[in-house]
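A.B. asks: pasting the structure only:
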C-alpha cells in the first residue's frame, strides 16, 4: 500500500504540472515559431533580426557580458549562435509540451531561463518584464525536473507500454516516473531556497527591488560618451547607449561644442545629423548607430565612433571645450573634450 501511495503521489505530481508543461513549453517553442514560421528573424539583413535584440542585452548583463560582447562583435558567430539557440528552444518547448524526456527538458527550461535572466533581467519598461520571465522560467524548469510528467505525456505512454528503458535509472533521471532519490525533500528544499535567493539577488541587483532606491534602466535613454578629441578639423568621440527602451532608439537631434562660458561654438541639428555620412560612423556591434529621417538613431546597446566635421571653425587649444549631445526627449549629456590637436 505504501509503494502504491508513492506511485500515486508521483503520478499526481506529474499530472498537476500539466498546465506548466503546456504553457512553458509553448513560450519556448513559440520563439522558434515567431522567428522562422511567422517571420524571418534570423536574417541579419532584415529589420527585426534577433541578433540585434541580443545586442540590446549587452550593457547591463550579469556575468555573461563577455560572451554577449564576443558574439555581437563577430556577426557570423552571432548568427550561428542565434540559429542554434532557436533550434534548442524549439526542441525544449516541443518536448516539454509532449512530455517527452520531461526531466531533461526541465533542465533545458531552467538553463534557457537562466540565460534570459542574466542577459536581460534588467530590461522591462512596465513590470520588470524580462526579470519576471527569467525567474519564473527558472522556477518552472526546476519544478518540471522534480515532477516529471504522467498522464497525457509520451513518458507515461512508454512506461505504460513497459518499454525496457523506462525501468532504467537514467530514464527516471531524464524522463519521468518515481524520482530516483529515496527522499527528494532535501533536494526540493535546497533547490527552492537557492532559486529564491537568485530571485531576490537579481531583483535587487537589476532593480533595487529589496532595499534602497527602486530603479528601472529601461525608462529613459542614457548615452555614455568617451574618447573625445579634436583633430584634423574634425570632432571625434565614442558613444555607447547603455539604458532605455529596447524597442525604441535614442534620437539625437543635436551635437554641440561649447566654450568655457557655455557659448555654442559648433552646432549640428537634427537635419545635419540625419544627413551624416555612414563613413563618419564606425559601429562596433550589430546594433548600428545610423542616420534617420530627422535625427541620428542610437539603438540600445549600440556603440560607435563618430567623426563630425567642424566646418573649418578655429578653436583655441589653450581653452577647455565641452561636448553636448541632445536627445529628442530633451535629455542632454555633456563631457569635456580631452584631446586637442589642430
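C.D. replies: Thanks, I have the structure now. Just so it is clear, the structure is predicted and the values come from calculations on it, not from any experiment.
A.B. asks: run through the protein and note the low-pLDDT ranges.
C.D. replies: Of all residues in the chain, those with pLDDT under 70 make up the ranges 1-8, 341-342.
A.B. asks: which SS class is residue 81?
C.D. replies: helix (DSSP: H, G, I helix; E, B strand; the rest coil).
A.B. asks: ok, it - contacts?
C.D. replies: By Cβ atoms under 8 Å, 6 or more residues apart in numbering, residue 81 lies in contact with residue 71. All C-beta spots, glycine's among them, are computed from the backbone N, C-alpha and C.
A.B. asks: buried set for stretch 46-64?
C.D. replies: Of the residues in stretch 46-64, 49-62 count as buried by neighbour count, 16 or more other Cβ atoms under 10 Å.
A.B. asks: in TSV, list those along with distance to residue 136.
C.D. replies: Compiled in TSV, those are given as follows (distance: Cβ to Cβ, whole Å):
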residue	distance to residue 136
49	27
50	21
51	25
52	25
53	20
54	21
55	24
56	21
57	18
58	23
59	24
60	20
61	19
62	17
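A.B. asks: all the helices of the stretch 201-342 of the chain, residue numbers only.
C.D. replies: 270-274 (DSSP state H, counting those that start in this stretch).
A.B. asks: sorry, that was for the stretch 1-150 of the chain
C.D. replies: With DSSP H, counting those that start in this stretch, the ranges of helices along the stretch 1-150 of the chain come out as 2-16, 18-32, 50-57, 65-72, 75-98, 102-120, 129-147.
A.B. asks: residue 177 is nearest to which of the ones you listed?
C.D. replies: helix 2-16 (6.8 Å; Cβ to Cβ).
A.B. asks: was I right to think residue 18 contacts residue 144?
C.D. replies: No - contact criterion Cβ atoms under 8 Å: residue 18 and residue 144 do not qualify, at 10.6 Å.
A.B. asks: of these two, who's got more company?
C.D. replies: Using other Cβ atoms under 10 Å as the criterion, residue 18 and residue 144 rank with residue 144 on top: 28 against 17.
A.B. asks: now do the contacts for that one.
C.D. replies: Contact analysis of residue 144 by Cβ under 8 Å, 6+ apart lists 17, 20-21, 24, 96, 102-103, 105-106, 109.
A.B. asks: same question, residue 291
C.D. replies: When contacts are counted by Cβ under 8 Å, 6+ apart, residue 291 is found next to 273-276, 278, 297.
A.B. asks: filter those down to the buried ones, ChimeraX style.
C.D. replies: Entered in ChimeraX, the line below selects the buried ones among the contacts of residue 291, by 16+ other Cβ under 10 Å:
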select :273,274,276,297
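A.B. asks: kindly indicate which of the buried residues of stretch 46-64 lies nearest residue 246.
C.D. replies: Distances from residue 246 to these, taken by Cβ to Cβ, are shortest for residue 56, at 4.3 Å.
A.B. asks: can I see the domain layout of this protein?
C.D. replies: Following automatic domain parsing, one gets these domains for the chain: 2-207, 222-340.
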